[in-house]
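K.L.:
the amino acid sequence is not available; the structure is as follows:
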């Protein structure tokens, strides 16, 4: 699951999350992951991630995929507006997300493994420096998602058992190499990821929660097809993303590189 913030939208997908804090480090490869649980009465965070990997098809099935293409509907529920969302991912960590607003145009965010970039409705491309949007895009670009938790997170720790949609779930706090803090929730019985929460930049009390469901098998891997997002203070979701189809190992993908003329500016 992953997230993209642009065009007044926050995308949460295979690893859902909300607004991301400013980047603290530039490379996930230099991080060391901590696996200490807070309580001996709770399963270790590592064991919960491993159980999730098994429940979704196993590591071999995850690693078999070389690329993925997602197509879905992005609904802003409060505004009663609908947009089209397409996400392209390729191993090891390349990412491109497009949100098309009918009658207005398409905004894009991309990452080619080194450079994060964007294209807004104005059509002017730009590069992203060490800021929270770049951190968020880098987090999204981890191709294996939660199956790649050792790369995705610099620390993980089991904290408690909580209720998600009326069911017990283990809450595992995390921090990414780029400074994003939050927690993932694994259903106690199914072992599947059922929610993700993220703290807002410089405001730990402001939390975005994304719940996921409607898992479907895609070439041997279970993936959530439905996501709903809200602030912790809200009673109802404000955003819903429903993926209509997912294709894997597609022969032709759009470019993950920034367009010619992209500069270090977010005025696009």
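P.N.:
That came in fine, so what should we check first? Everything numeric here is computed off the predicted structure, so don't read it as measured data. Residues are numbered from 1 along each chain as shown.
K.L.:
any idea how far residue 90 is from residue 163?
P.N.:
37 Å (Cβ to Cβ, to the nearest Å). (Glycine included, C-beta is placed from N, CA and C.)
K.L.:
tell me the strands beside the helix or strand hosting residue 83, with direction?
P.N.:
Per DSSP states H and E, residue 83 falls inside strand 81-90. The strands beside strand 81-90 in its sheet (DSSP bridges) come out as strand 67-76 (antiparallel), strand 94-101 (antiparallel).
K.L.:
most packed of these?
P.N.:
strand 94-101 (a mean of 21; mean count of other Cβ atoms under 10 Å).
K.L.:
rewinding a little: with neighbour numbers in mind, choose between residue 163 and residue 90.
P.N.:
Using other Cβ atoms under 10 Å as the criterion, residue 163 and residue 90 rank with residue 90 on top: 21 against 9.
K.L.:
can you give me the distance of that one to residue 191?
P.N.:
Distance, residue 90 to residue 191, using Cβ to Cβ: 27 Å.
K.L.:
same check on residue 203?
P.N.:
Distance from residue 203 to residue 191, by Cβ to Cβ: 32 Å.
K.L.:
so residue 51, which state does it fall into?
P.N.:
helix (DSSP: H, G, I helix; E, B strand; the rest coil).
K.L.:
where does the nearest residue to it once chain neighbours are set aside fall, phi/psi-wise?
P.N.:
Closest residue to residue 51 apart from its sequence neighbours, by Cβ to Cβ, 6 or more residues apart in numbering: residue 191 at 4.2 Å. Torsion angles at residue 191 (phi, psi; degrees, to the nearest 10) stand at phi 70, psi 0.
K.L.:
I'd assumed residue 50 was in contact with residue 191.
P.N.:
No: counting by Cβ atoms under 8 Å, residue 191 stays clear of residue 50, with 9.2 Å between them.
K.L.:
strands along the stretch 151-268 of the chain, start to end?
P.N.:
155-164, 167-175, 181-187, 193-200, 203-218, 221-231, 239-248 (DSSP state E, counting those that start in this stretch).
K.L.:
so the fourth one versus strand 167-175, what angle?
P.N.:
Our comparison of strand 193-200 with strand 167-175, counting by axes from the mean of the first three to the mean of the last three Cα atoms, to 10 degrees, yields an angle of 40 degrees.
K.L.:
strand 193-200 pairs with which strands?
P.N.:
By DSSP bridges, strand 193-200 pairs with strand 181-187 (antiparallel), strand 203-218 (antiparallel).
K.L.:
and if you look at the last one?
P.N.:
Listed by DSSP bridges, the sheet partners of strand 239-248 and their directions read strand 67-76 (antiparallel), strand 221-231 (antiparallel).
K.L.:
pretty sure residue 108 sits in a helix.
P.N.:
No: with three-state DSSP as the criterion, residue 108 is strand rather than part of a helix.
K.L.:
quick one: residues contacting the closest residue to it other than its chain neighbours.
P.N.:
Leaving aside its sequence neighbours, residue 108 sits nearest to residue 119 (Cβ to Cβ, 6+ apart; 4.3 Å). With contacts defined as Cβ atoms under 8 Å, 6 or more residues apart in numbering, the neighbours of residue 119 are 106-108, 125-126, 259, 268.
K.L.:
still on that earlier bit, between residue 203 and residue 191, which one's more packed in?
P.N.:
Counting neighbours by other Cβ under 10 Å for residue 203 and for residue 191 shows that residue 191 has the greater number, 19 against 10.
K.L.:
who are the contact partners of that one?
P.N.:
48, 51-52, 54-55.
K.L.:
now, of these, which are buried?
P.N.:
48, 51-52, 55 (16 or more other Cβ atoms under 10 Å).
K.L.:
closest to residue 159 out of these?
P.N.:
residue 48 (11.2 Å; Cβ to Cβ).
K.L.:
which non-adjacent residue is nearest that closest one?
P.N.:
Counting by Cβ to Cβ, 6+ apart, the residue nearest residue 48 is residue 186, at 4.9 Å.
K.L.:
who's the one you found bridged to?
P.N.:
Where residue 186 sits in a bridge, its partners, by DSSP bridges, are residue 170, residue 193.
K.L.:
for it, report the pLDDT, please.
P.N.:
At residue 186, the pLDDT value in this model is 98.
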